[in-house]
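K.L.:
3D model of this:
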Amino acid sequence: MIMNESGTTATVTILITQIEIDPQNCGPYTTPMAEGMHRVVAHMSVTTDPTLATNSIYPTFQPTPYYFNIVGSDGITENSNMLDGSPCYDWSEQLGADIGPAQSVQGVVELQSRYATGILMFRPIEVDPGGWEWAF
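P.N.:
Down below sits the predicted model:
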């Protein structure tokens, strides 16, 4: 959860329901991954409070791929996991880049990594220097 400045109201609730590695049922225009790279897909559910715009220094929540990092099983952190090329999931299934107050959305964020196992880190600017981690 991302709390308001006074710490009394959750302005954003984030749930990762699944982390998928190298999905097989990709669309026909999906760009293949480069050799040695893996597609990491975070399935997310995001709910924002109606007071997001007034209780936060940011009026919208922006869960962009820039806020994700992957730590490999060897402990090395990859700092740039932006997907090169076309995604596996249709654009309509991608998580929106700008979620406003009183919204509940579901979607995916697709990343690329040289690791098929590790830790997915999500560190949005709204909670800098904090964040969340999920093992995959």
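K.L.:
Mind jotting down where the strands sit in this structure?
P.N.:
With DSSP state E applied, the chain shows strands at 2-3, 10-21, 38-48, 68-72, 77-78, 104-113, 118-122, 132-135, listed in chain order.
K.L.:
what's around residue 45, how many residues?
P.N.:
By the criterion of other Cβ atoms under 10 Å, residue 45 has 14 neighbours. For glycine as for every other residue, the C-beta is placed from the backbone atoms N, C-alpha and C.
K.L.:
Quick check: nearest residue in space to it, chain neighbours excluded?
P.N.:
Take residue 45 and drop its neighbours on the chain: the residue closest to it by Cβ to Cβ, 6 or more residues apart in numbering is residue 15, 4.4 Å away.
K.L.:
From residue 34, how far off is that neighbour?
P.N.:
From residue 15 across to residue 34, the span is 31 Å (Cβ to Cβ, to the nearest Å).
K.L.:
One more: residue 87?
P.N.:
15 Å.
K.L.:
So which of the two has more stuff around it?
P.N.:
residue 87 (19 against 10).
K.L.:
which ones are touching that one?
P.N.:
Residue 87 makes contacts with 30, 94, 110, as judged by Cβ atoms under 8 Å, 6 or more residues apart in numbering.
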